[in-house]
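Chemist: give the three-dimensional model of this entry:
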Amino acid sequence: MILTRLARSARVYIACLASLFIFTITAQAQSSIGGNVETKRTLPSTKHVIEEVRSYRLANEDRIMRELREFLSIPNVASDTPNMQRNAERLKGMLEARGIETHLLSIEGRGPVVFGKLETENAKRTVIFYAHYDGQPVDPSAWTDKSPFEPVLRDKSIEAGGKRIPFPNAGNGASDSYQDDWRIYARSSSDDKSPIVAILSALDALRAQNIPLAINLKFILEGEEEAGSTHLQQTLQLHKNLLSADLLITGDGPIHPSGRPLVFFGNRGEIGLEITVYGPVRPLHSGHYGNWAPNPAMQLSQLLAAMKDDQGRVLIPGYYDDVVPLTPLEQTALNAMPANDVELQRELGIAKPDGGGKKLVEMLLEPSLNIRGMRSGNVSEQATNIIPDRAEASIDARLVKGEDPRRKFEQIAAFVRSRGYFIVDQEPTLDQRRAHAPMAKVIDEGGYRASRTRMDLPVSKALVRIMQEATNNQTVVAPMLGGSVPMYIFEDLGLPWIGVPVVNYDNHQHSSDENLRLGNLWQGMETYATLLADLDW
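Modeler: So this is what the prediction gives:
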C-alpha cells in the first residue's frame with residue numbers, strides 16, 4: 001500500500017513538472033512574438049476594404065454629401081474669427097459624433113486648432129491626420145455662380161460646359177444617384193474640407209462593415225494655414241503632450257495632374273513680401289507732367305522684370321545656392337513620374353513654358369519667384385490719364401529643402417537695393433520722398449521653410465506598398481509637392497510625415513470656382529479607409 005501511494009505521488013509530481021515545462025515553453029514562445037499572450041493581428045486585404053467601403057458609400061451618399069454641403073456653407077476666411085469659430089464647433093461635433101475625443105486648442109483672434117484622438121485596442125502605432133479648415137479669401141464677383149459659400153452642383157466642370165443641376169433628393173431610392181464626374185463648386189470644396197469629410201466617412205464605413213482600425217488615430221485640423229500658419233507651431237508646443245505619434249499624414253494638395261493617385265514626401269516652404277515704389281505725392285495729369293515726373297508703375301515693372309531672365313530663371317545673386325540636392329532614391333522616384341507636360345500645356349493654353357526645357361516636376365524642386373498681383377492706377381473703364389503716385393506688387397517665393405525664409409527675403413531686398421532703391425519698411429515721410437529716388441517700401445510677410453521625409457523609412461515603404469496594392473500600381477510617388485504646407489513643424493518634433501491627397505488636380509485651388517470632382521471624394525474614402533485598416537510597419 002505504501003509503495004502504491006509512493007508510486008502515485010511520483011506520477012503526479014512528474015505530471016506537474018511536465019505541465020510546468022510546457023507552460024514555460026509556451027510563454028517563452030508567446031513572448032518572442034509579441035509579449036504575454038498577444039499575437040500579431042491579421043490585417044484585411046486592401047481589396048476587401050475597398051469593396052466594403054464602396055458598398056457602404058453607395059448606400060450612404062446622401063448622408064455624406066449633406067455633411068459636406070453643410071460644412072462648406074460656413075464661410076472660412078482665416079481673419080473672419082466668428083465664422084472660423086463656427087467651423088471649429090462644427091468640426092468638434094463631427095468628430096465627437098464618431099466617438100473621437102476632441103479639444104479646441106484656442107488661438108486669440110483666430111480659429112482654434114481642432115485636436116482629436118481615437119484609441120484602437122491593441123494598436124501599436126499612432127497616426128496623426130493633418131488638414132486645414134480655413135480657405136483662401138474670396139471675391140464673389142469672380143465666381144461663375146457668385147456664391148463661394150453656397151455649394152453648387154454641376155454635371156461636369158465649367159470648362160467642359162458643365163450645367164448647374166439640383167442636388168438629388170434624399171430617399172429617392174437611387175443608390176448611385178451621385179455621378180463621379182459631377183462637381184461641387186464652393187470655397188474649400190477641395191482645399192481642405194473634402195479630405196476631412198473623406199476620412200471621417202471612411203471611419204464610418206469601416207465601423208459599419210466591422211473592419212477594425214490598425215492604428216490609433218489623431219487629428220490636427222488647423223484654421224489659419226492659408227494665412228501662413230502663424231500660430232500653429234506655438235500652439236502645438238503648448239500642447240506637445242498630445243502629439244505623441246509615429247507618423248503624420250496630410251490630406252492637403254491635389255492628386256497628380258495625370259489623374260492618378262499621389263503620395264508625396266516633401267513640400268516647398270514659402271515667403272511673402274510686398275514691394276511699393278513711390279512717385280509724386282499725388283497722381284498727376286499725364287499731359288502736364290508726362291516725360292518729367294517719374295512713373296512708379298514703369299519703375300516697378302522694370303524692377304520686377306530684372307529679377308528673371310526670359311526662361312524664368314531667377315537672376316537674384318545667391319538665389320539657388322542653398323538648395324539641398326535629391327538623394328539617389330528621390331531622384332529615381334522623380335525619374336519614374338509620368339510625363340504629362342504636353343497635355344498640361346494644351347489644357348492651360350501655354351505655348352511655351354518657362355524652364356528652358358525642364359519638366360514641370362523638375363521645376364517644382366527649385367526655388368521660385370512669383371508676382372501674385374500688381375496695382376497702380378486704374379484700367380479699362382476706370383482708366384484716367386494720370387501718372388500714379390505709387391505702384392504695388394505682391395510677391396511670393398517658394399523655398400526648397402535647405403533654404404532659410406529670412407535669408408531668402410534678404411536676397412530679394414538686397415537685389416532691390418542693388419538697383420539703386422532707397423528701402424524703407426513703413427510709409428515714407430515727405431522729407432524722405434524729397435531726398436531719395438528711387439524709393440521702395442519692402443515688407444517681409446514671413447514664411448516657413450521646406451520639409452522632406454526620407455523615402456527609405458519602414459513606414460514610407462509600408463505606405464507606398466499599401467497605396468500601390470489599392471490602386472493596381474497606379475499611384476505616383478513624388479519626392480516633393482510644389483505647394484507649401486507647414487510640415488516643418490512636425491519635422492522639428494521628430495515626426496515623419498507623408499502626403500496623401502485625394503482631390504482632383506484641376507480643382508481651381510486658391511482661385512475662383514474652386515471645385516471637387518465627386519469621384520475623387522469617393523476614391524478618397526477608399527484610400528483613407530485602406531490606410532486606416534492596413535497600415536502596419
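Chemist: now do the phi/psi pair for the closest residue to Ala208 other than its chain neighbours.
Modeler: Sequence neighbours aside, Tyr56 is the residue nearest to Ala208 in space, at 5.2 Å (criterion: C-beta to C-beta, 6 or more residues apart in numbering). Heads up, the C-betas are built off the backbone N, CA and C, glycines and all. Backbone torsions of Tyr56, given as degrees, to the nearest 10, read phi -60, psi -40.
Chemist: what about Tyr56, distance to Arg372?
Modeler: Distance from Tyr56 to Arg372, counting by C-beta to C-beta, to the nearest Å: 42 Å.
Chemist: ok, the two, which is more surrounded?
Modeler: Each of Tyr56 and Arg372 has its neighbours counted (other C-beta atoms under 10 Å); Tyr56 has more, 22 against 10.
Chemist: ok now do that one, which residues does it touch?
Modeler: By C-beta atoms under 8 Å, 6 or more residues apart in numbering, Tyr56 lies in contact with Asp204, Ala205, Ala208, Gln209.
Chemist: what is the neighbour count of the residue nearest to the last one when sequence neighbours are not counted?
Modeler: In other words, Gln209. Excluding its sequence neighbours, the residue lying closest to Gln209 (C-beta to C-beta, 6+ apart) is Glu52, at 3.9 Å. Using other C-beta under 10 Å, Glu52 is surrounded by 20 other residues.
Chemist: confirm that Glu52 sits in a helix.
Modeler: Yes: Glu52: assigned to a helix according to DSSP: H, G, I helix; E, B strand; the rest coil.
Chemist: shaky segments in the stretch 51-200 of the chain?
Modeler: 170-176 (pLDDT under 70).
Chemist: where do the strands of it begin and end?
Modeler: Chain-ordered strands for the stretch 51-200 of the chain, with DSSP state E, counting those that start in this stretch as the definition, fall at 101-107, 110-118, 126-132, 152-154, 164-165, 183-185.
Chemist: same list, the ones you listed, but as TSV with distance to Ala440 and mean neighbour count please.
Modeler: What follows is the strands of the stretch 51-200 of the chain, written out as TSV (distance: least, C-beta to C-beta, whole Å; neighbours: other C-beta atoms under 10 Å):
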stretch	distance to Ala440	mean neighbour count
strand 101-107	33	17
strand 110-118	31	23
strand 126-132	33	24
strand 152-154	42	21
strand 164-165	46	12
strand 183-185	39	25
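Chemist: out of these, nearest to Gly447?
Modeler: strand 126-132 (16.2 Å; C-beta to C-beta).
Chemist: who are the contact partners of the nearest residue to Gly312 once chain neighbours are set aside?
Modeler: Closest residue to Gly312 apart from its sequence neighbours, by C-beta to C-beta, 6+ apart: Asp354 at 2.8 Å. For Asp354, the contacting residues are Gln311, Gly312, Arg313, Met363, by C-beta under 8 Å, 6+ apart.
Chemist: against Met487, how distant is Asp354?
Modeler: 26 Å.
Chemist: cool, and Arg433?
Modeler: Counting by C-beta to C-beta, the gap from Arg433 to Met487 is 43 Å.
Chemist: neighbour-wise, which of those two wins?
Modeler: With neighbours defined as other C-beta under 10 Å, Arg433 and Met487 compare such that Met487 has more, 28 against 18.
Chemist: didn't that one look like it was pressed against Trp497?
Modeler: Yes: with contact defined as C-beta atoms under 8 Å, Met487 reaches Trp497; the gap is 5.1 Å.
Chemist: overlap of the contact sets of these two?
Modeler: By C-beta under 8 Å, 6+ apart, the residues touching both Met487 and Trp497 are Leu248, Thr250, Ser451.
Chemist: ok, what's across the strand from the last one?
Modeler: For Ser451, the beta-bridge partners are Asn267 (DSSP bridges).
Chemist: apart from its neighbours in sequence, what residue is nearest Gln85?
Modeler: Leaving aside its chain neighbours, Gln85 sits nearest to Gly111 (6.2 Å; criterion: C-beta to C-beta, 6+ apart).
Chemist: for the one you found, give me its contacts.
Modeler: Counting by C-beta under 8 Å, 6+ apart, Gly111 touches Asn76, Ala78, Thr81, Met84, Gln85, Asn87, Ala88, Tyr133, Asp134, Gly223, Glu224.
Chemist: rerun that using 10 Å as the cut-off
Modeler: Applying C-beta atoms under 10 Å, 6 or more residues apart in numbering to Gly111 gives the contacts 76-89, 91, 104, 132-134, 221-224, 227.
Chemist: quick check on these: which are buried?
Modeler: Neighbour counting by 16 or more other C-beta atoms under 10 Å classes 76-78, 80, 83-85, 87-88, 91, 104, 132-134, 221-224, 227 among these as buried.
Chemist: now, which of those residues lie within helices?
Modeler: Secondary structure from DSSP state H places Asn83, Met84, Gln85, Asn87, Ala88, Leu91 of those in helices.
Chemist: element containing Glu445, please.
Modeler: According to DSSP states H and E, Glu445 maps onto strand 439-448.
Chemist: over to Val263?
Modeler: Assigned by DSSP H and E, Val263 belongs to strand 262-264.
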